[in-house]
Every structure is written in structure tokens, then in C-alpha cells.
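Novice: can't give you the sequence, but here's the structure:
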């Protein structure tokens, strides 16, 4: 995505304006914001621009972490970049808003990860996740291969159309064959049934169409008020 730099400069990339307005729809002025899987640190920068008291980005990939850290230095260190994985985070430090965008399909234990996200947040967790109709998953239903054939691509498009024709209220979860890139996919109903109805990690969830790709959903998850 495009990342703003000081003096009106920017790293080129896709515009995420629609995502941004949904992500920060609850307001961030005076709040602490944590962005896990921050890439180059776009959301911490945007949070500080909108008046956040503090913004921290966590990035696992070494190359992206170094770039994000350098960008933070260019901004005068007003936001912080750390290297790490969500599975390594302790819930002892609390944030008002926790972001986990386009990362859930990379983890191998989504329930444990979402528990951690909920424990880290005082108010809201925003999660962007992939739908079972995503052809990026369906290309690989027959096995683990980096280069799907033309037939597999056509088959995945047909599967995608069939899944998109199903009512959105059907709670489906898909499990991919790969350990990192295509693991768990949810329909909004399945996501809500699991994390609100069964586990009670959130009081309510508001869904919006994701802004990073067609087959993704943005979930605004309100955590229960704690005494």
C-alpha cells in the first residue's frame, strides 16, 4: 500500500482510503493503537495523524521491519516499530484499538490468535480476513503447489462462483493445504458464530467489505467491557 513520508513524499502503492475510514471509524484521538502485521507502518502513521496518543506497529518479516523502522525514524520516532509475531505477544500491555489486517489466513491457530487480540484490546479489534470464495485458496484445493495449472485456475473460478451464490448467512469455514499462506478462511456468519456466539470474545461485530482485495471482509469487533 502507499505509505506517506514527511515533506509530502510517499512510497507508491495501492490506496486504502475505504479501509482506513472503517478501521478508524470509532475514533483514535488520545488512544493507544497497535497494528500487528504492520508491513511498512501505514496504519501507525495514519493513527498519529488522527491524534492517537501512541501507535505501535509489529512486523515479523525482517526486510519489512527494517523499512518500517527507517520510515518511523523519518517521522521523528513519533510512532514505534517492533519486530515480532502475534503468537509471541503477551496481553500485559493494553491498547484501545488493535489491528490485524490481512494476516489471519497466515496463522495456524486462529482461535488462540484471536484470543490474544481480544485480551490486548480495551475497546475494539479490527480483523481483515479472507472468504472461502477466494480463488487464491481454491487454486490449491487439490494439493500444495505454487503453480496451479490452467485447469486448476478455471476450477477455482467455478468453485468461487458457486460459493458466492450461497446465502451469506451460511456459516462456512475453509481450511487450506498450506501451513502459512492459505490456512483458515471464514464467512462472516462463521466468524461471528465462533468468536461471539461460542467463545464470547466479542460483544458484537460489524462487517464491511475489505479494501485490500475482493474476497476479503473487514470485521470491527467490540470487546466486552471489563471491570
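Specialist: Yep, it's here. These numbers were taken from a predicted model, which means no experiment stands behind them.

Novice: please make it C-alpha for all contacts and neighbour counts, starting now.
Specialist: OK.

Novice: closest to the centroid, which residue in the chain?
Specialist: By CA atoms, centre = their mean, the chain has its centre lying nearest to residue 101, at 1.5 Å.

Novice: is it bridged to anything, and to what?
Specialist: Counting by DSSP bridges, residue 101 is bridged to residue 128.

Novice: enumerate every residue touching it.
Specialist: 36, 37, 126, 127, 128, 129, 218 (CA atoms under 8 Å, 6 or more residues apart in numbering).

Novice: average pLDDT for the longest helix anywhere in the chain?
Specialist: If you go by DSSP state H, the chain has its longest helix at helix 150-165. For helix 150-165, mean pLDDT is 86.

Novice: what sits up against it?
Specialist: 132, 133, 134, 135, 138, 139, 140.

Novice: just checking, next helix/strand downstream of that helix?
Specialist: Next in sequence after helix 150-165, counting helices and strands by DSSP states H and E, comes strand 173-175.

Novice: if we can go back for a sec, mind putting the contacts of helix 150-165 into JSON lines with pLDDT, secondary structure and neighbour count?
Specialist: As requested, the contacts of helix 150-165 are exported to JSON lines (pLDDT from 0 to 100; DSSP: H, G, I helix; E, B strand; the rest coil; neighbours: other CA atoms under 10 Å):
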{"residue": "132", "pLDDT": "89", "secondary structure": "coil", "neighbour count": "24"}
{"residue": "133", "pLDDT": "89", "secondary structure": "coil", "neighbour count": "25"}
{"residue": "134", "pLDDT": "86", "secondary structure": "coil", "neighbour count": "21"}
{"residue": "135", "pLDDT": "82", "secondary structure": "helix", "neighbour count": "21"}
{"residue": "138", "pLDDT": "79", "secondary structure": "helix", "neighbour count": "23"}
{"residue": "139", "pLDDT": "76", "secondary structure": "coil", "neighbour count": "26"}
{"residue": "140", "pLDDT": "70", "secondary structure": "coil", "neighbour count": "21"}
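
Novice: many thanks, I have nothing further to ask.
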